[in-house]
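Colleague: The amino acid sequence is not available; the structure is as follows:
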């Protein structure tokens, strides 16, 4: 008897790690600040690279960055920067390493001003995910008017490595946007 597998978004097919991420995390609405910070950092690390590259290094980032504890990261000193730049398990780009620390500091400032990063972030979609209706991966945009505005506002606040494309990918990852294609079994689950 033939086993049938649920239809999935084409971008994740062929790699078990990618499929697991697609099936369990991508597009699931996240409101918890530590998890939002993790995805924000991972997405900024992806700039110029493929998402699978970052996914494969995700556990290394957890270990290297104190489980994405932004309070600790905000206090990283020059010794810690050198340690990160010598860590072969993560992307060893000086500007990106510096941006992790900068973004942790700015993240905390946003929390102070808005009560939580989640409150600040989710207001851009009126507190609920935008559910798109894409039939094919080729229809999914790389940016949107919301990601343009959010990227602009995040840059103004002082975040680094935050362009509209990175922000849109972040919005997809944390469930602000449901960009599963309509034939994907996760489309209606979310």
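Modeller: Yep, that arrived. Values in this document were obtained by computation on a predicted structure and should not be read as measured data.
Colleague: where do the strands sit along the chain?
Modeller: 130-131, 177-178 (DSSP state E).
Colleague: want to throw those into JSON lines with mean pLDDT, mean neighbour count and distance to residue 42?
Modeller: In this view, the C-beta of every residue, glycine as well, is placed from N, C-alpha and C. Below are the strands of the chain laid out as JSON lines (pLDDT from 0 to 100; neighbours: other C-beta atoms under 10 Å; distance: least, C-beta to C-beta, whole Å):
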{"stretch": "strand 130-131", "mean pLDDT": "98", "mean neighbour count": "14", "distance to residue 42": "21"}
{"stretch": "strand 177-178", "mean pLDDT": "98", "mean neighbour count": "22", "distance to residue 42": "17"}
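Colleague: Can you check which of those gets nearest to residue 147?
Modeller: In terms of C-beta to C-beta, the element of the strands of the chain nearest to residue 147 is strand 177-178, at 8.5 Å.
Colleague: so how far is the closest one off the chain centroid?
Modeller: Centroid separation for strand 177-178 versus its chain: 13 Å, with C-alpha atoms, centre = their mean, to the nearest Å.
Colleague: Check which helices and strands that strand sits against.
Modeller: Counting contacts by 3 or more C-beta pairs under 8 Å, 6 or more residues apart in numbering; DSSP states H and E, strand 177-178 packs against strand 130-131.
Colleague: Check which residues of the longest helix along the chain are buried.
Modeller: Counting residues, the longest helix in the chain under DSSP state H turns out to be helix 94-114. The neighbour-count check on helix 94-114 (16 or more other C-beta atoms under 10 Å) flags 96-108, 110-111 as buried.
Colleague: Just to check, residue 117 is in contact with residue 36?
Modeller: Yes. With contact defined as C-beta atoms under 8 Å, residue 117 reaches residue 36; the gap is 5.5 Å.
Colleague: excluding its backbone neighbours, what's nearest residue 40?
Modeller: Excluding the flanking residues, the one nearest residue 40 by C-beta to C-beta, 6 or more residues apart in numbering is residue 170, at 6.0 Å.
Colleague: Kindly report the same for residue 54.
Modeller: Leaving aside its chain neighbours, residue 54 sits nearest to residue 46 (4.8 Å; criterion: C-beta to C-beta, 6+ apart).
Colleague: and what of residue 143?
Modeller: Leaving aside its chain neighbours, residue 143 sits nearest to residue 164 (4.2 Å; criterion: C-beta to C-beta, 6+ apart).
Colleague: so the one you found sits right up against residue 147, yeah?
Modeller: Yes. Shown here, residue 164 and residue 147 form a contact pair, counting by C-beta under 8 Å, at 4.7 Å.
Colleague: Count the neighbours of residue 72 for me.
Modeller: Residue 72: 13 surrounding residues under other C-beta atoms under 10 Å.
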